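S.K.: Build me a model:
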Amino acid sequence: MLRARLTTEMKEAMKAGDKDKLATVRMIQAALKDKDIEARGLGKEPASDEEILSLLQKMIKQRTESASVYEQGGRPELAANERAEIAIIEAFLPKQMDEAETKAAVDAAIQETGAAGQKDMGRVIAALKGSYAGRMDFAKASGLVKAALAAKG
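M.R.: The predicted structure is shown next:
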């Protein structure tokens, strides 16, 4: 489904003459193709929607880091390009959860997994990734899980 949306968006960007969006969507598709080739080499299926969402989040993280490096290096125009790409990539992600929703999801995952301490953190994060891929910032969620489990243990 996400693959079809990427193709549709690319065609629309071509028709509209939106070069920035077209370049970004093509970049996403190239990264997806690399992931599919890697999976095929390992005898796996092409990337699922969850894996595509994970790939998009990774691309956003890379661009965020690049933008901050460019800003520190006195290259605001390059940082602006990275931020423009981030905005285009984010359009393919589902609505992100706010802090209250994330906290509620973390509490529910701790309950579901029966996590009792720090040693169970991996299980809780795995459960969250299974349920909220693409909708949750796992860096923030990790901190919330760690704090919640520290309070328990």
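S.K.: Now do the worst-scoring helix or strand of the chain on mean pLDDT: which elements does it pack against?
M.R.: Of all the helices and strands that make up the chain, helix 138-152 has the lowest average by mean pLDDT, DSSP states H and E, namely a mean of 83. In terms of contacts (3 or more C-beta pairs under 8 Å, 6 or more residues apart in numbering; DSSP states H and E), helix 138-152 is packed against helix 99-113, helix 121-132. To be clear about C-beta, it is placed using only N, CA and C from the backbone, and glycine gets the same treatment.
S.K.: How far off centre is it?
M.R.: 19 Å (C-alpha atoms, centre = their mean, to the nearest Å).
S.K.: go on, stretch 51-60?
M.R.: For stretch 51-60, the distance to the chain centre is 4 Å (C-alpha atoms, centre = their mean).
S.K.: buried stuff in it?
M.R.: 51-57, 59-60 (16 or more other C-beta atoms under 10 Å).
S.K.: average model confidence for it?
M.R.: Stretch 51-60 carries an average pLDDT of 89.
S.K.: Any chance of CSV for the helices and strands packed on helix 138-152, columns mean pLDDT, mean neighbour count and distance to residue 75?
M.R.: Shown next, in CSV, are the helices and strands packed on helix 138-152 (pLDDT from 0 to 100; neighbours: other C-beta atoms under 10 Å; distance: least, C-beta to C-beta, whole Å):
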stretch, mean pLDDT, mean neighbour count, distance to residue 75
helix 99-113, 88, 16, 32
helix 121-132, 86, 17, 34
